[in-house]
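Colleague: build me a structure from this.
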Amino acid sequence: MNYLKDLEKIININSYTQNKNGVDEVGNIMTSWLKPLGFEKTVFKRELIGDHLLFKTAKKEGTKILLLGHNDTVFPQGYFESFKEDEEWVYGPGVCDMKGGNIVALQSLRNIFEKNKKIFNIDFLLVSDEETGSDDSKEVTSSIAKDYDYCFVFEAAGANLELVTARKGVGKYIIKVEGKASHAGTSYKKGINANLEGAIKLQKYHELIDFEEGTIVNVGKMEGGIGINTVSPHCELMMEFRFDKKEEELRVVKEVERITATSYVEGTKSHADGIIQRGVMEENDKQLKLISFFEELTQQSISREKRGGVSDANIVASCGTTTLDGFGPYGDGDHTVNERALKSSFEQRISMMTKILDYYQKN
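Modeller: Residues are numbered from 1 along each chain as shown. Below is the predicted model of the structure:
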């Protein structure tokens, strides 16, 4: 299990998304490990965040595969930075999310290189801003996704080593409401209460939730007004919505725009700025056939799961590329100081991915 020493090396480098130097240092170390395997590197340079890195191999006829990971983690310098281990677990920032997954990919590539002395048709993309929503890297990821038949993403496996076939999409809105200030005691009727309009809108947005369809709408932050004795002249709502189906995305967007445009308090004006940060990743027959083939190839049962959280798998899947996620080790406590990954799951994942990638070297 020498690969755990490699994992320790990159865990001990702080690669908080905003720590460009740290993220780039992790990228340089990954480069030093991948170049001897025949990978050529394309760098997407960035000034304020770490560079995105695409490692490419020689191409021949056959299936084209993209491996996908990210080098950034969530903790700023001085918080949670150390690596440790016991008989069963490794601990540290990124051991499961997702430096541990990157190591699974790396060791699998080493194994097939040692066996075949050459790697074809497998590229490896490492982005630097997944933990903050991939707002920069998603353009890079989307631009190359169409070049591949399959994408395998190395986020953590499920508790029973499931692969991930579906992830919710996520959209974000900032809604700004304009009213009119007035003295609440002497001139209340001269004012237009933006806070009241915002409160009514919040309830209307909340009514868009459809648990049966898997749609969640959450106004997570709301603020407005300038003082206790003043009718509020402005209000702002910050809203996120998550969805399991493209139709639900379209429904929520349409309704949010309608509710925003409606003035429930006469005289208010409202405006919404929104984005679909990541499109939905829906389970499909191509994924299921691929998993069935992997079960025959590896002689093991492979469970699958749908997750409410998002990853860069959403981005690739939205481009039409057949995508499976969860090829990393099993772990828990991610995004907390209790993050850990199960040692035995590294062995299982490396063995499985080695067999899968080796098949595509021969066919």
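
Colleague: which parts of whichever helix in the chain runs longest are buried?
Modeller: When every helix of the chain is counted residue by residue (DSSP state H), the longest turns out to be helix 343-362. For helix 343-362, the buried set under the neighbour-count rule, 16 or more other CB atoms under 10 Å, comprises 343, 345-346, 348-350, 352-358, 360-361. Quick note: C-beta positions are derived from backbone N, CA and C, even for glycine.

Colleague: do stretch 79-86 as well
Modeller: Phe80, Glu81, Phe83, Glu85.

Colleague: helices - which of those residues land there?
Modeller: The members of these all map outside helices under DSSP H.

Colleague: inside strands: which ones of those residues?
Modeller: Judged by DSSP state E, the subset of the buried residues of stretch 79-86 located in strands is Glu85.

Colleague: shaky segments in the stretch 1-150 of the chain?
Modeller: By pLDDT under 70, the weakly predicted segments of the stretch 1-150 of the chain are 1.

Colleague: repeat for the stretch 151-300 of the chain
Modeller: Low-confidence segments of the stretch 151-300 of the chain, defined by pLDDT under 70, are absent; every residue clears the threshold.

Colleague: let me see the ranges of the strands in it.
Modeller: 163-167, 169-178, 182-183, 216-224, 230-231, 234-243, 269-278 (DSSP state E, counting those that start in this stretch).

Colleague: these: which one's closest to His70?
Modeller: Put simply, out of the strands of the stretch 151-300 of the chain the one that sits nearest His70 is strand 269-278, at 13.3 Å, with distance taken as CB to CB.

Colleague: and the closest one, what does it pack onto?
Modeller: strand 169-178, helix 246-261, helix 313-318 (3 or more CB pairs under 8 Å, 6 or more residues apart in numbering; DSSP states H and E).

Colleague: now those as JSON lines including mean neighbour count and distance to Ile291?
Modeller: Putting the helices and strands packed on strand 269-278 into JSON lines (neighbours: other CB atoms under 10 Å; distance: least, CB to CB, whole Å) gives the following:
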{"stretch": "strand 169-178", "mean neighbour count": "20", "distance to Ile291": "22"}
{"stretch": "helix 246-261", "mean neighbour count": "16", "distance to Ile291": "22"}
{"stretch": "helix 313-318", "mean neighbour count": "27", "distance to Ile291": "14"}
